[in-house]
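Asker: coords please:
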Amino acid sequence: MALAENIKAKRLAKGMTQEELSGMVGVTKMSISRYEQGVTVPELYIALDIAKALGTTVEKLVNENFLPEETNK
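Answerer: Residues are numbered from 1 along each chain as shown. Just a heads-up that it's a prediction; the model follows:
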């Protein structure tokens, strides 16, 4: 579930709302919410747009840990 957690963590770190991100990506706010909850996984082309909007790559969203240290415990 790293992708879901990392989308949310990166979005929050950028000070963006789900609505702002959804507008940049071209999906609904509900879609962003479902991606962040791990309910659904974005299609690759959407994941690429999410990564671009967040200033990162899909590989980093999948593999890296963007969560602050205090929430990793």
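Asker: Where does pLDDT dip in the protein?
Answerer: When residues are selected by pLDDT under 70, those of the chain lie in 1, 66-73.
Asker: Which helix in it has the most residues?
Answerer: Ranked by residue count under DSSP state H, the longest helix found in the chain is helix 2-13.
Asker: other SSEs contacting that one?
Answerer: For helix 2-13, the packing partners by 3 or more Cβ pairs under 8 Å, 6 or more residues apart in numbering; DSSP states H and E come out as helix 29-37, helix 58-63. Where you see a C-beta, it was placed from the backbone N, CA and C, and this is true even at glycine.
Asker: which one of those helices has the most crowded surroundings?
Answerer: Comparing the helices and strands packed on helix 2-13 by mean neighbour count (mean count of other Cβ atoms under 10 Å), helix 29-37 ranks first with a mean of 17.
Asker: I would like the residues contacting the very next helix or strand once past that one, please.
Answerer: Next helix or strand after helix 29-37 toward the C-terminus (DSSP states H and E): helix 44-53. Helix 44-53 is touched from outside by 3, 7, 21, 24-27, 31, 35, 41-42, 57-58, 60-61, with contacts defined as Cβ atoms under 8 Å, 6 or more residues apart in numbering.
Asker: Going by neighbour count, list what's buried in helix 44-53.
Answerer: By neighbour count on 16 or more other Cβ atoms under 10 Å, the buried set for helix 44-53 is 46-47, 49-51, 53.
Asker: Taking helix 29-37 as reference, get the angle to it.
Answerer: Between helix 44-53 and helix 29-37, the angle comes out at 90 degrees (axes from the mean of the first three to the mean of the last three Cα atoms, to 10 degrees).
Asker: the inter-axis angle of helix 44-53 versus helix 2-13?
Answerer: 30 degrees.
Asker: one step back: with respect to residue 15, which of the buried residues of helix 44-53 is nearest?
Answerer: residue 53 (12.8 Å; Cβ to Cβ).
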